[in-house]
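# Here you go, sequence then predicted model.
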Amino acid sequence: MKVLVTDPLSAEGMEILDQETEVTTNFCENPEELLEIISEFDALIVRSGTKVPAEVIDAGVNLKVIGRAGVGVDNIDVRRATEKGIMVINTPESNTISAAEHTIALLTSLSRNVAKASASVKKGEWKRGHFLGVELYEKTLGIIGLGKIGIEVARRCRAMGMNLLGYDPYVPPEQVEKIGVKMVSLEDLLQQSDFITLHLPLVNSTHHIIGEKELAQMKDGVRIINCARGGLIDEQALCNAIDEGKVAGAALDVVETDPPYECPLIKQENVVLTPHLGASTREAQVNVAIQVANQVLRALRGEPVDYAVNVPVLMPEVLEEVKPFLSLMRMLGSLYMQFFGGTVEELEIHYSGEIAAKPLKPLTTSCLIGLLQVMVGDQVNYVNAPYLAKNRGLRVKEMSTATSENFSSLITLYVKTAGKNNIIAGTLFHDNDVRIVQIGDYRIEVVPSQFMLVCKYEDKPGVIGQVASILGTRNINIASMQVGRQSIGGEALMVLQVDDPVPANIMEKLKEIDSINEVKFVELAERD
């Protein structure tokens, strides 16, 4: 097997590759150069410096795997790789400690004005009185996002005597309470924290999770740290809050667009900026090299890998049996999570009718993908979904029965969350016609679409018209609508298929309708 490495990789990783493959190192300066040589290689290993567009993937006629030594795969055309049957893998856990330690470095630097004081001394000044700091001891740190990095930050800050609040709707409280984190709502965290640090993936639900509204809820003099993703913070809103004195300072390792030459925060005296150094340690570079090398070798051997970004690992004959149901299962999981949300403790899936005789494991995994992608982003796949679910304490059960009362096949999800249980169910008509047939307590026949509004409302005349009118003001077309109810004049459920995403300001207007009890915008992935 031949492996091409186009970005610097530590010697430890190269040694692993050398044991089983023929390795070529060529730091291609542009895609055209890579295009000329890629056809002879079975595997390609890159970092962020190499772009792998569709043209390169098409030319890689022998490529079986692309390894990204790092987390982000924005520089790789993953869709095209999937279409060509090429596995894309990454190494999301290789920089956990480095990212956590850089967070601590920014936290302490911000609290003691280290960057400003250093710049002052280098200018020949000695202004001790200008750089009065604050202690971290007994201050409250709010941690938004308690994955592996968030937890490592919590452990270190606990040792410094800080009080820890956490917000993560997908992590069971008992999982982090043992390390001293008190789980609270986002609103409570914002109102009570002296320092706030973010450790979230950048997905639709987390984009600008810190904006003008959230900044207004914070304590006066709060300090904010972000070593995760730039799009989590509305940079202009943060800049305004610093100018107004609401925010005492911020320390950012990431910005929405890098280099941050147009970022409004770059000229702020009370902002510490570093050029995405979270993974820039010798140890992290060794870890990422070893991890990507081992994963690439496993992929080339045909063995399961831990961090495949795109490829479902299913035997062809199994895939053929269950393929029509895979999209249904992913939709059920995603729709459930986007509408009901909450910390899922237990997922019990009932397979009834003809489907009960088919292989169920890939169906359950597909459902987990739908659930987990809402929580952690697109890196969830058939390889790592069960692992991620287990790692989050999510218990999964499968039940099957050969009979189904109303459908040839029926799949029902019984989901247990903190404090309540919910149900969602679906079926297929004519082999591949997907239907959602129950949402919560409501029997309803929904034809899923990419964009949907799901509303609970009081069944009164005019409510549907008000919803349609508000959508019309933004030129959002309603393609179709289904309604389910239990009694005349009681609460009902309405599902609208719309042609475009519904922006946040329109969602706020919909929530203001007196008879609307709950409304959620749902975006489903395209069908397999």
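Yes, it's here.
# Just give the nearest non-adjacent residue to residue 371, would you?
In this structure, residue 371 finds its nearest non-sequential neighbour in residue 333, 4.0 Å apart by Cβ to Cβ, 6 or more residues apart in numbering. To be clear about C-beta, it is placed using only N, CA and C from the backbone, and glycine gets the same treatment.
# no no, residue 375
residue 170 (4.2 Å).
# Which pLDDT value goes with residue 528?
Per-residue confidence at residue 528 stands at 55 (pLDDT).
# on that earlier part again, who's in contact with the residue nearest to residue 371?
366, 367, 368, 369, 370, 371, 372, 413 (Cβ atoms under 8 Å, 6 or more residues apart in numbering).
# Secondary structure added to those residues, as TSV?
Output for the contacts of residue 333, formatted as TSV (DSSP: H, G, I helix; E, B strand; the rest coil):
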residue	secondary structure
366	helix
367	helix
368	helix
369	helix
370	helix
371	helix
372	helix
413	strand
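# who wins for neighbours among those residues?
Neighbour counts for the contacts of residue 333, by other Cβ atoms under 10 Å, peak at residue 371, which reaches 30 neighbours.
# Which residues are in contact with it?
333, 334, 336, 337, 344, 347, 389.
# So which of those belong to helices?
333, 334, 336, 337, 389 (DSSP state H).
# Okay, the first one and residue 340: tell me how far apart.
With distances taken as Cβ to Cβ, to the nearest Å, residue 333 is found 11 Å from residue 340.
# quick one: secondary structure of the residue lying farthest from the centre of the chain?
Distance from the C-alpha centroid of the chain peaks at residue 124, with 46.2 Å (Cα atoms, centre = their mean). Following three-state DSSP, we place residue 124 in the coil state.
# domain ranges for this structure?
2-94+282-301, 96-273, 312-440, 449-528 (automatic domain parsing).
# Would you single out the least confident of those?
When I compare the domains of the chain, domain 312-440 is least confident, with a mean of 86.
# next one: that domain to chain centre, how far?
Centroid separation between domain 312-440 and its chain, computed with Cα atoms, centre = their mean, to the nearest Å, is 19 Å.
# next one: stretch 451-464
Distance, centroid of stretch 451-464 to centroid of chain: 29 Å (Cα atoms, centre = their mean).
# likewise stretch 287-303?
That offset, for stretch 287-303, works out to 23 Å (Cα atoms, centre = their mean).
# List the buried residues in that stretch.
Buried residues in stretch 287-303, counted by 16 or more other Cβ atoms under 10 Å: 287-297, 299-300.
# And stretch 63-72, by the same measure?
The neighbour-count check on stretch 63-72 (16+ other Cβ under 10 Å) flags 63, 64, 65, 66, 67, 68, 69, 70, 71 as buried.
# Just these: which are in strands?
By the criterion of DSSP state E, membership of the buried residues of stretch 63-72 in strands covers 65, 66, 67, 68.
# need the helices for the stretch 351-500 of the chain, in chain order.
361-376, 385-391, 463-473 (DSSP state H, counting those that start in this stretch).
# Return the distance of residue 505 relative to residue 213.
12 Å.
# Looking at the two, which one has more neighbours?
residue 213 (11 against 8).
# Now do the same for that one: helix, strand or coil?
helix.
# if I look at it, how far off is residue 504?
10 Å.
# same question, residue 224
Applying Cβ to Cβ to residue 224 and residue 504 gives a distance of 21 Å.
# Specify which residue of those two has the higher count of neighbours.
Neighbour count, other Cβ under 10 Å: between residue 224 and residue 504, residue 224 has more, with 25 against 12.
# who's the nearest residue to the more buried one once chain neighbours are set aside bridged to?
Leaving aside its chain neighbours, residue 224 sits nearest to residue 250 (4.5 Å; criterion: Cβ to Cβ, 6+ apart). Beta-bridge partners for residue 250, by DSSP bridges, are residue 224, residue 271.
# check contacts around residue 250.
Here residue 250 is in contact with 110, 223, 224, 225, 226, 238, 242, 265, 268, 270, 271, 272 (Cβ under 8 Å, 6+ apart).
# Now do it against residue 104, distance only.
Distance from residue 250 to residue 104, by Cβ to Cβ: 16 Å.
# Same question for residue 119.
To residue 104, residue 119 is 21 Å away according to Cβ to Cβ.
# And for stretch 186-194, what's in contact with it?
Here stretch 186-194 has contacts from 134, 139-142, 144, 165-167, 184, 196, 209, 214, 217-219, 221-223, using Cβ under 8 Å, 6+ apart.
# give me that answer again for 6 Å
Identification of contacts with stretch 186-194 by Cβ atoms under 6 Å, 6 or more residues apart in numbering yields 139, 140, 142, 165, 167, 214, 217, 218.
# Now do the buried residues in that stretch.
186, 189, 190, 193, 194.
# Please apply the same query to stretch 508-526.
509, 510, 513, 515, 516, 519, 520, 521, 522, 523, 524.
# Out of those, which sit inside strands?
Checked against DSSP E, the buried residues of stretch 508-526 include these in strands: 516, 519, 520, 521, 522, 523.
# now, which of these sits nearest residue 82?
residue 523 (19.5 Å; Cβ to Cβ).
# Against residue 373, how distant is the closest one?
11 Å.
# can you pull out the strands in the stretch 401-528 of the chain?
Here the stretch 401-528 of the chain has its strands, by DSSP state E, counting those that start in this stretch, at 409-417, 420-429, 433-439, 442-446, 451-458, 478-485, 491-498, 516-523.
# between the third one and strand 409-417, how big is the angle?
Relative orientation of strand 433-439 and strand 409-417, computed by axes from the mean of the first three to the mean of the last three Cα atoms, to 10 degrees: 40 degrees.
# For strand 433-439, which strands pair with it and how are they oriented?
strand 420-429 (antiparallel), strand 442-446 (antiparallel).
# Adding distance to residue 360, write these out as a markdown table.
Output for the strands paired with strand 433-439, formatted as a markdown table (distance: least, Cβ to Cβ, whole Å):
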| stretch | distance to residue 360 |
| --- | --- |
| strand 420-429 | 15 |
| strand 442-446 | 23 |
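# Select, out of the ones you listed, the one closest to residue 479.
Of all the strands paired with strand 433-439, strand 442-446 comes closest under Cβ to Cβ, at 12.1 Å.
# ok and that closest one relative to strand 451-458, angle-wise?
Using the same axes, to 10 degrees, strand 442-446 lies at 150 degrees relative to strand 451-458.
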